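Chemist: Starting from these lines, generate the structure:
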Amino acid sequence: MRIVILDGSAANPGDITWDALEALGEVTAYDITSPDQLIERLQGAECAITNKTAFTEEVFEKLPDLKYIGVLATGYNVVDIKAAQKHGVTVTNVPEYATFATAQNTMALLLELTNLVGLHSDSVMNGDWCRSKQFCYFKAPLTELCGKTLHIIGLGKIGKRVAQMASAFGMNITATPHDTSLIGTSIETGIATVRCTSLFEGIENADVVSLHCPLTDDTKEIINEDTLKHFKKGTFLINCARGPVVNETAVREALDSGLLGGYGTDVVCVEPMLETNPLLGAPNCVITPHIAWTPVETRIRLIDMAAENLKAFMNGEERNVVSK
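Modeler: Model (predicted):
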């Protein structure tokens, strides 16, 4: 089988291998593939491995040999699933590979906002501690998490893992789950007990709000000018879900006014980030470039799971198929 990896540098910039996929066929790996290169590079190929390279109806029409698309991600909106079904192309994704890493990055963003490690490290490196008359100093007030309330929007695997981590810090946990029938109940997630509430009840009582919901019509801009009015002054907002689940202009205004105590995000509405993004230069804002999923161990797991998906397809089996 001829396997073409279209945008491999995202998952593998050269520090790991494609061995798991190379064991299944002839692999050609490209760092990045632009839309005008896509058709040429996939001519005669039966398998495409993609992360963000898009597959439209027009693409399928021009690639009659294509039988399989493996998405190197959990989300698969880059593929027109109806067109894939129409042309008999199987599409798979890789669910849950980054649960631990994404939860870890969530807490890293929160801790940066509460403990201001970067600010103080920069200050020390600039010689401020050497010039200090006191044995310690702080550039801005720090925040203790113990006893604070964290509200999680979206209580899937990642949300539950975040609940466990936050509970270890002594936080109280509430959540708005996708399944509204759970509202009013409590869910045990290992070391954490999570009380399920409505969205507005949750955010009105929260000191920290963390987003872990998928991007759908219902969750697009779930954090907006209206919902932000229900936040307590000084609330921290964390987004390790998708950029468009927040209205970035509204978030910037809330940061400028002090309504939000801080915003930590790993995602923005348009990626790569635009120079016109309203969050650039915002106060009390920490942004990482969509790296929650990128620890070495996580990316190795991603490629191994993608290879298992393809191997199952080659054996006439279904594994993580999203094009049914």
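Chemist: So what's the predicted local confidence for residue 15?
Modeler: pLDDT, residue 15: 98.
Chemist: Hmm, it is touching residue 296, no?
Modeler: Yes: judged on C-beta atoms under 8 Å, residue 15 makes contact with residue 296 at a distance of 6.6 Å. Every C-beta, even on glycine, is put in place using the N, C-alpha and C of the backbone.
Chemist: Residue 127 versus the residue located most distally from the centre of the chain, what's the distance?
Modeler: Each residue of the chain has a distance to the centre, and by C-alpha atoms, centre = their mean the biggest one is for residue 133: 43.1 Å. Separation of residue 133 from residue 127 (C-beta to C-beta, to the nearest Å): 14 Å.
Chemist: Same check on residue 17?
Modeler: 44 Å.
Chemist: okay, now residue 58: neighbour count?
Modeler: Each residue near residue 58 was counted by other C-beta atoms under 10 Å, and the total is 12.
Chemist: Pull up the gap between it and residue 83, please.
Modeler: Distance, residue 58 to residue 83, by C-beta to C-beta: 9 Å.
Chemist: Repeat that for residue 112.
Modeler: Where residue 83 is concerned, residue 112 sits at a distance of 42 Å (C-beta to C-beta).
Chemist: ditto for residue 227
Modeler: As for residue 227, its distance to residue 83 is 35 Å (criterion: C-beta to C-beta).
Chemist: same check, this time on residue 14
Modeler: Distance, residue 14 to residue 83, by C-beta to C-beta: 33 Å.
Chemist: So if I had to pick from those two, which one is more boxed in?
Modeler: Remark: of residue 14 and residue 83, residue 83 carries more neighbours, 17 against 8, as counted by other C-beta under 10 Å.
Chemist: Can you say which helix or strand has the more buried one in it?
Modeler: helix 81-86 (DSSP states H and E).
Chemist: next one: residue 261
Modeler: If you go by DSSP H and E, residue 261 is part of strand 260-265.
Chemist: Next: residue 306.
Modeler: Per DSSP H and E: helix 296-314 holds residue 306.
Chemist: and that helix, what's its mean pLDDT?
Modeler: Throughout helix 296-314, pLDDT has a mean value of 98.
Chemist: Residue numbering should commence at 774 henceforth.
Modeler: Taking 774 as the first residue, the last one we looked at is helix 1069-1087.
Chemist: Can you point out the buried residues in that helix?
Modeler: Using 16 or more other C-beta atoms under 10 Å as the test for burial, helix 1069-1087 gives 1071-1076, 1078-1083, 1085-1086.
Chemist: Which pair in those has the greatest spatial separation?
Modeler: 1071 and 1086 (23.0 Å; C-beta to C-beta).
Chemist: wait, doesn't residue 865 sit right on residue 845?
Modeler: No: using C-beta under 8 Å, residue 865 is not in contact with residue 845; the gap is 10.1 Å.
Chemist: can you give me the strands for the stretch 774-923 of the chain?
Modeler: Ranges of strands in the stretch 774-923 of the chain, per DSSP state E, counting those that start in this stretch, are 775-778, 799-802, 820-823, 841-844, 863-865, 922-926.
Chemist: Which one of those strands lies nearest to residue 876?
Modeler: strand 922-926 (10.6 Å).
Chemist: List the contacts of that closest one.
Modeler: 932, 935-936, 939, 944-949, 967, 970, 972, 975-976, 978-986, 992, 995 (C-beta atoms under 8 Å, 6 or more residues apart in numbering).
Chemist: go on, stretch 1060-1079?
Modeler: So stretch 1060-1079 is contacted by 784-785, 788-789, 791, 793-794, 822, 843, 845-846, 865, 867, 870-871, 873-875, 877-879, 882, 1013, 1037-1041, 1044-1046, 1052, 1093 (C-beta under 8 Å, 6+ apart).
Chemist: which residues in the stretch 924-1073 of the chain form helices?
Modeler: Here the stretch 924-1073 of the chain has its helices, by DSSP state H, counting those that start in this stretch, at 930-941, 972-977, 998-1001, 1021-1030, 1069-1087.
Chemist: nearest to residue 910, of those?
Modeler: Relative to residue 910, the nearest member of the helices of the stretch 924-1073 of the chain by C-beta to C-beta is helix 1021-1030, separated by 25.1 Å.
Chemist: which other helices and strands contact the closest one?
Modeler: The helices and strands touching helix 1021-1030, judged by 3 or more C-beta pairs under 8 Å, 6 or more residues apart in numbering; DSSP states H and E, are helix 998-1001, strand 1033-1038.
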